[in-house]
Each structure stands twice: as structure tokens, then as C-alpha cells.
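Participant: Need coordinates for the below:
(2 chains)
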2 protein chains.
Amino acid sequence: MAMRCKRCRAAAVIEVRRHNAAFCRDCFFHYVGQQVTRAIAKHRMLGPADRVLVAVSGGKDSLALWDLLLELGYRADGLYLSLGIGAYSERSRRVCEEFAAARGATLVVHDLAGEHGYAIPEAAGKGGRSSCGVCGLSKRYVFNRAALDGGYDVVATGHNLDDEAAVLFANTLRWDTGSMARQFPVLEATRPGLVKKVKPLYRLAERETAAYCVLKGIDYVVEECPLVAGNTQMRHKETLNRMEEESPGTKHNFLFGYLDRAAELLRVADDAELAECARCGMTTQAPEDPAEAPVCAFCRSKARLVRTLPVVEASTG
Amino acid sequence: MAMRCKRCRAAAVIEVRRHNAAFCRDCFFHYVGQQVTRAIAKHRMLGPADRVLVAVSGGKDSLALWDLLLELGYRADGLYLSLGIGAYSERSRRVCEEFAAARGATLVVHDLAGEHGYAIPEAAGKGGRSSCGVCGLSKRYVFNRAALDGGYDVVATGHNLDDEAAVLFANTLRWDTGSMARQFPVLEATRPGLVKKVKPLYRLAERETAAYCVLKGIDYVVEECPLVAGNTQMRHKETLNRMEEESPGTKHNFLFGYLDRAAELLRVADDAELAECARCGMTTQAPEDPAEAPVCAFCRSKARLVRTLPVVEASTG
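Facilitator: Residues are numbered from 1 along each chain as shown, chains lettered A, B, ... in the order given. You can find the predicted model right below:
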């Protein structure tokens, strides 16, 4: 039995089980645009005059996001941060550059090794963080700082429903209430050193952003990062996928139930006091001992990495 | 390499991975007793003079609980509720009776069909609840009422760490904050019609209560209830077991993290107003419309079941 589009009854190209729906190509684009518009409106993510910096990796989510924001008429530039992961980073950068060129959009490129003295592969395991840990820390820092320096009003990231559900799942399994309290589709700039962050794709599943790119003819890097295999988030995604398979809507109900009913109650757990980093001037958590100079996690990690790297290189030479 | 007991270095008979421990038979009994004593003390579950009614099913958890409470010197009687599940119920009852007889303990027996006019197998699917749904509702009602009528101070149930983690997991996946707010190792009697409920085994894993029974020579019904197969809680237990396998301590951290850090924050979600059931006089949630007479879920379910049962029987004859 051929599936029919829920909106126009034409032959469907994609099924969205959690909404009991299927769509043809055009109506799927309509659905995707609607979900993003709804996310933006509900959480007051973007104003029409805002200058938006989209964090792009070359993957399906961030390119779909950039594409959608441009289509919706937002003033959206891209920011690509080269992480130094060999051919993977090279190809990712090229895909972003080609995307920007085809649309006459502006892509800002930053380079972690050139600007901060370390790349992600060498950083793995040194300084007490996994490669995913260092990568996330570095990206959050560079995106915020680049937006601040470039005079952008907001940073938009491509986190989708699967990403958000997996992060919430991980935090909930440990009841890390501080992190849970800070997980929201929009994070306001509560201090001068912070730029507002928004996640306009949080209502869309991973396979929907992939389908969007495929149907829209957007070339994206399909491979996962070679360093990510077997990390905790991947395992949580598999667990959630198994539950979703048995009971469609599990991820949606988990994430949206949290946002609708629990986030407000946990908000009080976000008791982080903020301060200015003594080294870089960016915003960081205030140290428990008020006599101690505040140094942000990025500066501390960078100092450890840059200190250990030459020694490690010498011993392998 | 033979495992050694963490306490006395003798050959171990059981490993407890989440605590990085292994125990010989005697030290395992010590560990189990310690976990129960700790649960009782931390949540002020039982006083030395309290008359305790232990809800026993004939399974490992409830018989281990009854055994432990008697060993610790509590005044603990058992209550067996016959659910009318054929040979399964017969054998369960016999196991409880033999346990009581061997210890000179008092077993109170109630019979759902004889006292309320329906048994669980016939009730499945009628009246809008699954068999597990009707069973849980019936047990909560009968245990509370029997304790009240018998002048007991507290009802103790055999819920273990796996049970509590699975229920919390189910409620968290939906963010049913009302149910989450009421999930706690102790529920105080906040009204005259309610008896205090306690779960002294909530710190012990399922395989530990099973091992306790085996090592202690307690005969228990090993089979799961024949009606339970494939229910949601079983599926959630399997999911949690897979995660526990990959990362020992997952269940413990999930349940204890909730109790330590989140339960208090969600407490405000328990906004149920209580009232007296107009039919049976027991405590129930007040109806939203204050003009409506409050009727408890048990009385409503029972009325539906007793009304539909003769019709169904006639149609199958």
C-alpha cells in the first residue's frame, strides 16, 4: 500500500511516525519550515533584524539550519571551526564553503590549531577530557567569542530532537540537575560576555534533517566524525532509537514533556554564579573560593593541552 | 581468578558490581541486612513498636523482606491477596503459608474474587485497564484497607532497586511529574484513611533479593506472573539492564540521584487534593468539580468490572 501525503494526498516520500503523518516532497518542506517557524516563535529565538551566526560543521543538521534560516529571510552568516581532524575536517570545510558560495552567503572560518595551539586528535585523553569533551568545550567557546567579536546578536546551532533527547537522557540518568536546568531551546545572554544561543531544529528528528538535505539537494558530510565512535551519546541514541521503534513518540514525549512540565521546576537547580575569566575576559562560573581568580574551563583546558603537547611530540619523534 | 569476599577475604559467592564488591555467604547476609537497616533508618520507615503488615506475593522480594523484618525483630505479619490467577495463585499462596508456618508468623489471606466479585484474568482489558493496571490498583486498595481494619501502623512492600528504577524510568520518559513526586521509599499517612507505606528493599537489586532467598533456603515462586509477559515495565527493565551491563551503577545512580537531588524539586507537582470516597470511605483524589461526589478509582473500576463480567461470561457459554 503506497503511503499518501497527509496534506495533499499525493504519493508520500517520507513517513513521520510520531506525528502519524507522511508527506510528499513539497509538503515535507512545508512541515519542516513550520516546525522551525514554530520553534523560533514559541521561544522568541530570532527577531527579523537580528544578525545570526550559524555554527556549521558540514553535517546535515547545521547545513539544513543555515538553509532554512536563509529561506526564511534571516540575516544568517555561517561559522566553520576547523578542528584539525585530518581529511574529515578538510572535506567538512569544503562542503561549507561550497554551500555558502552557491548562495552568496558569508562563511567565517576559524582554526583551532592556528588560533589556540592545539587540534582535537592530539587533545584526546590529555588534560582529563575525552576528544568529544574537548571538542564541545572548544566549540562553545569559539562560537560565543566569534559572535561577540563579530557583533552578532545570536548563535544558532543545529541540535535536533535526537540530540536534545540524548543529552537530556544522559543528564537525567545521573540527575545532573544543574545541566538539566540549563538545557533549553534558547539560552538568553544573561551577561555582557554571553551571546544568546538558539536551537531552531529541536522539534525535528535526525532523519528529517537528513531527508531535508537529500530532497533539497544539499551536499553534506554523511560520515560521523571518526573520533566519535562508541561515545556515550551514541550509545544513548541507540537506546532511545530502540524505544522509539517499539513506541513511536518516545523521544518527542521525553523532550517535550521535560520542556513543558519539568524544566520550570528544575530551574532553581541552576545555581551557577557567573564571573569574568581572569585570562580571556569571557564569562565563566565563579570559583567557590572568592579569593581565587576565576579562570574559565576553556583557558584551563588550553593551558594543560598546550603545556603537554610538545612533550608528547618529542617522545614520539 | 576466584573472587574474594570484600569483608573477610573468603571465597565469594556473589559479586555486586555497582558497589565494586563481592561477598561470601555470611558477609552477603550482613550486607543485605545493612542495606535494609540503612533504608529503614534513613527514611524513618519503622519504629520498634510498630505493627507491620508485609504484602507478600510468594515471590523472592516479598518473602526476603518478611524474613529480614522478622530477623531484625519487627512485629511483622504477612498479607497474601489471592488474585485468582489459576495454579499460579494457588502455588503462591501455599509458598506464603509454608513460609509463615515454618516461622510461627501470622499470615492474613484475602481473596479478591470472594470479597470484591472479580479476579484478575477476567478483568484484563475490561474497564479500560490492563491486567497489570487492575492488579496494581486492587493490591494498593486491599493492602491499605486491610492494614487499616487490622490496626497496623505501616504496610511494607518488597519493591527493590530494579522495580523502583523501572517505575521512575517510565514516569520520567513521559515526565509524569505528579507520579514522580509521589515516588518515594516512604509515603506517610497524611490522612486518617491512609496507612503509611514503606519499601525497605529499595537499596537492593533484584538479583540480590533472589540470591538472598537461595542462600537462605527460602522457597519462593520463581516464575513471573503468566499475565505480565511483555508489559511495559518488563521492557523498561530490559532497557535498564542493557545500560547497567554497559555501565554498572546506572540504575543506582538514576534512582538515588533522583531521590537525593530532584525529588524535592518535583515535590510541588504533587498537587492531588484528597477526599473521602462516597462509596467505601477510603481516601481518594478529590474530583475537579466540587459538586461531584468523590468515588475512588478502585470503586469505579470494580463497578465497571462487576457490571461487565456476567455479560462476558454468558457470551462465552
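
Participant: quick check: mean pLDDT across the lengthiest strand in chain A?
Facilitator: Looking across chain A with DSSP state E, the single longest strand is strand A:75-82. For strand A:75-82, the mean pLDDT works out to 97.

Participant: Identify each buried residue in that strand, please.
Facilitator: Using 16 or more other C-beta atoms under 10 Å in any protein chain shown as the test for burial, strand A:75-82 gives A:Ala76, A:Asp77, A:Gly78, A:Leu79, A:Tyr80, A:Leu81, A:Ser82. For glycine as for every other residue, the C-beta is placed from the backbone atoms N, C-alpha and C.

Participant: I'd like these written out as a markdown table, with distance to chain B added.
Facilitator: Formatted as a markdown table, those follow (distance: C-beta to the nearest C-beta, whole Å):
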| residue | distance to chain B |
| --- | --- |
| A:Ala76 | 33 |
| A:Asp77 | 36 |
| A:Gly78 | 35 |
| A:Leu79 | 34 |
| A:Tyr80 | 34 |
| A:Leu81 | 31 |
| A:Ser82 | 33 |
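
Participant: pLDDT score assigned to A:Gly230?
Facilitator: Taking A:Gly230 on its own, its pLDDT is 69.

Participant: wait, I meant A:Pro287
Facilitator: Reading off the model, A:Pro287 has pLDDT 89.

Participant: tell me the secondary structure for the closest residue to it other than its chain neighbours?
Facilitator: Distance criterion C-beta to C-beta, 6 or more residues apart in numbering or on different chains; nearest residue to A:Pro287, sequence neighbours excluded, is A:Pro294 at 5.5 Å. Of the three states, A:Pro294 takes coil under DSSP: H, G, I helix; E, B strand; the rest coil.

Participant: I'd like the distance between A:Pro294 and A:Asp149.
Facilitator: 21 Å (C-beta to C-beta, to the nearest Å).

Participant: The two: which has the busier surroundings?
Facilitator: A:Pro294 (18 against 10; other C-beta atoms under 10 Å in any protein chain shown).

Participant: Correct me if wrong: the more buried one contacts A:Ala272.
Facilitator: No. With contact defined as C-beta atoms under 8 Å, A:Pro294 does not reach A:Ala272; the gap is 11.8 Å.

Participant: hey, what's in contact with both of the two?
Facilitator: A:Gln285, A:Ala286 (C-beta atoms under 8 Å, 6 or more residues apart in numbering or on different chains).

Participant: Get me the contact residues on chain A for chain B.
Facilitator: A:172-177, A:235, A:239, A:242-243, A:246, A:250, A:253-254, A:257-258, A:260-262, A:265-266, A:268-269 (C-beta under 8 Å from any C-beta of the partner chain).

Participant: could you redo the last one with a cut-off of 7 Å?
Facilitator: A:172-175, A:177, A:235, A:239, A:243, A:246, A:250, A:253-254, A:257-258, A:261-262, A:265-266, A:268-269 (C-beta under 7 Å from any C-beta of the partner chain).

Participant: Among these, name the ones in helices.
Facilitator: A:172-174, A:177, A:235, A:239, A:243, A:246, A:250, A:253-254, A:257, A:265-266 (DSSP state H).

Participant: From those residues, list just the buried residues.
Facilitator: Looks like those have A:Thr172, A:Leu173, A:Thr177, A:Arg235, A:Thr239, A:Met243, A:Thr250, A:Asn253, A:Phe254, A:Gly257, A:Leu265, A:Leu266 buried, using 16+ other C-beta under 10 Å.

Participant: right, and the pair among the residues you listed with maximum separation?
Facilitator: A:Arg235 and A:Leu265 (27.9 Å; C-beta to C-beta).

Participant: so who does the closest residue to chain B within the stretch 101-250 of chain A touch?
Facilitator: Across the stretch 101-250 of chain A, the shortest distance to chain B (C-beta to the nearest C-beta) belongs to A:Trp175, at 3.2 Å. Going by C-beta atoms under 7 Å, 6 or more residues apart in numbering or on different chains, A:Trp175 touches B:Gly257, B:Tyr258, B:Arg261, B:Ala262.

Participant: which one of these has the most neighbours?
Facilitator: B:Tyr258 (25 neighbours).

Participant: List the contacts of that residue.
Facilitator: So B:Tyr258 contacts A:Trp175, B:Leu168 (C-beta under 7 Å, 6+ apart).
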